[in-house]
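J.: I need the structure of the sequence given here:
(chains A and B)
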Amino acid sequence: MRHMPERLPAIVRGEALSALARTIAGSGWRIFYDVSPLFEEHWTGIPVVAAGLAQVLLRVLPETTQFFYEHHLVTRAAVEDALARGSGLFLHRDFFKGPAQDGVVPLFDWGAHALGIYPSVKRVRQLFPLECSIVHDLSTLVTPQFHEIANIRYHAESMMSDLRSNAVTFGVSRATVEDLAAYLGIDERRLAVAYNGVSWPWWFPIQVENEREPADADPYFLVLGTREPRKNIVRIFEVLALFPELLDSVRVVIAGRMGWLREQQMIPPELEKAIDAGRLVLPGFVSEFEKYCLLSGAAATIYPSFFEGFGLPVLESLSVGTPCIASFSSAIPEVGGQLCTYFDPFSAESLYHAIRAVLADPPKQRADFGDACRAAAERFTWDRMLFQILTRMMQEMERHDAIAIGQRKLLEHTPSPPVPERRRRGRPAPV
Amino acid sequence: MASQSRALKPLPDGAGGAGARRRERGGARGAPNSQRVDAEFWGSDAIVASVPLVEPGARAAVIAAARHPCAQILFGFEAQLRALVRLAAGRDTTLLLAPAPELFSATDSFSAFRRLGIAVGAAEKLVHVRLGMARHARLLKQASNVILTGESHTLLPTSPPQHPFGSGDRVPAGFSRQLIYFPEQSPLSGLDGHPMPTALLDDGAVVADLLGPGAGPSAWVGADDAAFCAELGLEIASFAEFNAAAWREAWRGAGGSGAPPSLDWRRAVTFAGAPNHGSDRLTPLLLPWNVANPASIVPPLIERLSRAGRWQDRSLRLVVFPFNESWETAGAVAGLIQRVRAASAEPATLRTMFLARLRADRAAALMRHLFALAWVEGGDPECALTLARLAALGVPAVLVAPPPNLTLPQALMPRFSVVADEETRHEVLDAFGARLFMVPSLSARAVAGLIGRTRDEIARAGPPPVPRLGGGARDAAHA
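T.: Residues are numbered from 1 along each chain as shown, chains lettered A, B, ... in the order given. Purely as a prediction, here's the structure:
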């Protein structure tokens, strides 16, 4: 069955999160949020998720939330600055030089009422009485062939410890949660789904209107993502090499920084001419605004990935009303629903047919497509992701409190053990 | 397959002490209370197999398993796949191959199955059989997952690895049972350490592909070419001739290596079975190498032989058949050759050692005519599978450094075995983490003894029967 996140009532999107935040703020619990993913200079994937959640936490739980990196607190100002910049370049520098540090994490000040939220792998664990982390995918475990050994080992060595120390582990999709249960045997009661979100600065749509390409320019397909083997960019090269006539009518833009295992993603020599002629464009890493411009101007995006825990670029594409031709693998159909055109990631022919189908009947020209995309984007917001996390963790906090109260009562009603006879008489007890 | 078994003679306590620190998975040997694979399994709407392939060779997310071109067909998971294809064909069951079962998740993923006419949704009707090593096991969601492994035992690392599947004896929680070939196979465990329920495959399942039509002598009788091996699908090159790029491309599904027939090999087979150097005969010796076994003693054995002076005068020609190559072991073969080339005492040695793979059925029947004997690594987890395949091919085997307590079906008993007399440390650093294995192995003295006994055995049994080839090859063989 298709796992589409159900539509939430309107109250959940706004008021319910505020109400939940008020409850948490009044409960005496503190939230500690790990900002280590934000230390990256270029934010793609996990840092984007970490930033999205941090943004909402700052808005709805400003007094209850503190940020930390390993054992040290990070100043709110430094986090806000990084979020405004969309980069962790200065956060990283200022933390390790000192100004962004705000003392050590107060392990004992908050007693049993501290919740640690880790948006990715835990650099240090078991600091807080309650912890939860987000698993973005199990690709290093399930598709290690697409990763470097150091990366596989880093994740493998921390994975089980992270899961064991979590009260709840969140997967960013039903597919990821199922992987956690099926591969690692994690009890499903300790798993929950928290879908990623998407958001753009309010001024992007305005600014992009000023920078539109001339209307007579050839349409282009956009491929977005770090160039690493799992992203299967070679399938795009293969299609273009097999069907070069595609480039007569459309351009292809492949944006994203070069990742690892580069030799597996080399551009075939027969495409050199297309690059020289500007029909195949590889701009490398693009800023958030450039990405938004490219997304909104594209005839469609292509996302050929072999394995995804969520597939953020698919959602980003739909959020600006641009159709996506996506591989049918892992969590991607869960996110793209019926708005994407799917293809077999192993088959260049299948991708070619999908491209042809979109060219023959461009979804962007259909009146209802934009509305459907907007509706899809509303289902995936950072507010909602945090709401999913906090709702589930609230249950854990209540359970935790109930246990603590029960233990206190038990202690109060337990009679003290009788003092040994000899001690009563003032003699030392035997060792 | 006979189910009777007996233990090989255990390794003496004083001989290196390998037995003392060796740990076997599952505690007791063998899979108790194994049931036969039931009719429900074979009655599934479709059985989907998967192997630890890398993707470049595949052209679709699901294909007919029979259409998958194997890099080699003799041993390991590719041999298992071919045998399963033959078994399924005999039972009129659709056998598919999913190169990456992990990519299937939501309904839309399964459109590839629907295009093949397989309705997905009734989970109990779709069975996924994972072949290959336990630590590479992957699941197919919405299917009943079983693992079919040729591994009989596992040499565990001396300290537990951090990777959840790094020890090699545990599989993901989603597997419901393990299919086995022999009752002697130890059951794998889930992550909780509990042994999995097992089910025994049909007798002869392990060699079903070698016994079927098209694999008999008639397939090659009449083959006519001086380079008959390449024509029939046996790719071979000496360590001196080896080309890493060609080897890798062929493995990645780019077809045959396209390399010219090996002149060193032609020279070796020309003199096979013919008097040479007095009473000596040049005899090719088959050495299977499970590349996926991180504690394999085959690479050190080859290196030791290559460093030994005048190995080429020993009249044996070592032909190494690597198997279970996957993404994890990419570069292992080339790395070995590189080390041997660097360390070889005499360049001529490199022309007496060969690397080979068999890609087609047609040459399978040729094996018994090429190889008088095979050295099989006793510590290889898949040694029983390898022995069974060799027996079906008619190649007698010698067991090298078998672990203590190794139990084998009676029908697979080797001609003789050479016990380990020392223990070596294997430090492995790969995707599954850093691990240390203490491996029973052979000293130089024991290797010399192995060579001597091998020559005696070959002399006793006589040379392998000369193949009834066509004119050109026959002329070449008896020139």
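J.: tell me where chain B has helices.
T.: Per DSSP state H, chain B carries helices over the ranges B:18-21, B:39-42, B:76-90, B:111-115, B:208-211, B:228-231, B:244-251, B:263-271, B:298-307, B:332-343, B:367-370, B:383-393, B:444-461, B:471-477.
J.: now the ones you listed in TSV, with mean pLDDT?
T.: TSV is the format used below for these (pLDDT from 0 to 100):
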stretch	mean pLDDT
helix B:18-21	36
helix B:39-42	78
helix B:76-90	92
helix B:111-115	76
helix B:208-211	84
helix B:228-231	57
helix B:244-251	72
helix B:263-271	71
helix B:298-307	90
helix B:332-343	90
helix B:367-370	80
helix B:383-393	94
helix B:444-461	88
helix B:471-477	38
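J.: so which of these gets nearest A:Met393?
T.: Among the helices of chain B, the nearest to A:Met393 by Cβ to Cβ is helix B:111-115 (36.7 Å). Yep, even glycine has a C-beta here, placed from its N, CA and C like the rest.
J.: from the chain's centroid, how far away is that closest one?
T.: 32 Å (Cα atoms, centre = their mean, to the nearest Å).
J.: now it: buried residues?
T.: B:Ser111, B:Ala112, B:Phe113 (16 or more other Cβ atoms under 10 Å in any protein chain shown).
J.: chain A next: which of those are close?
T.: Contacts with chain A within these, as defined by Cβ under 8 Å from any Cβ of the partner chain: B:Ser111, B:Ala112.
J.: TSV for the buried residues of helix B:111-115, including distance to B:Ser443?
T.: Formatted as TSV, the buried residues of helix B:111-115 follow (distance: Cβ to Cβ, whole Å):
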residue	distance to B:Ser443
B:Ser111	58
B:Ala112	53
B:Phe113	54
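J.: hang on, the earlier thing: out of the helices of chain B, which one sits most buried?
T.: Among these, helix B:383-393 has the highest mean neighbour count (mean count of other Cβ atoms under 10 Å in any protein chain shown), at a mean of 25.
J.: what's it packed up against?
T.: helix B:76-90, helix B:208-211, strand B:283-290, strand B:373-377, strand B:397-400, strand B:407-409 (3 or more Cβ pairs under 8 Å, 6 or more residues apart in numbering or on different chains; DSSP states H and E).
J.: how about the residues of the stretch 251-400 of chain A near chain B?
T.: A:306-307, A:327-331, A:333-334, A:342, A:344-347, A:350.
J.: could you tell me which of these belong to strands?
T.: Under the assignment DSSP state E, those contribute A:Ser327, A:Tyr342 to strands.
J.: just the closest of the residues of the stretch 251-400 of chain A next to chain B to A:His92, please.
T.: Using Cβ to Cβ, these come closest to A:His92 at A:Phe307, 29.0 Å.
J.: so what pLDDT did that closest one get?
T.: pLDDT, A:Phe307: 93.
J.: A:Thr44 now?
T.: If you check A:Thr44, the pLDDT there is 84.
J.: tell me the contacts of the spatially closest residue to it that is not a sequence neighbour?
T.: Leaving aside its sequence neighbours, A:Thr44 sits nearest to A:Thr226 (Cβ to Cβ, 6 or more residues apart in numbering or on different chains; 6.3 Å). The contact partners of A:Thr226, by Cβ atoms under 8 Å, 6 or more residues apart in numbering or on different chains, come to A:Thr44, A:Gly45, A:Gly256, A:Arg257, A:Met258, A:Gly259.
J.: no further questions, thank you.
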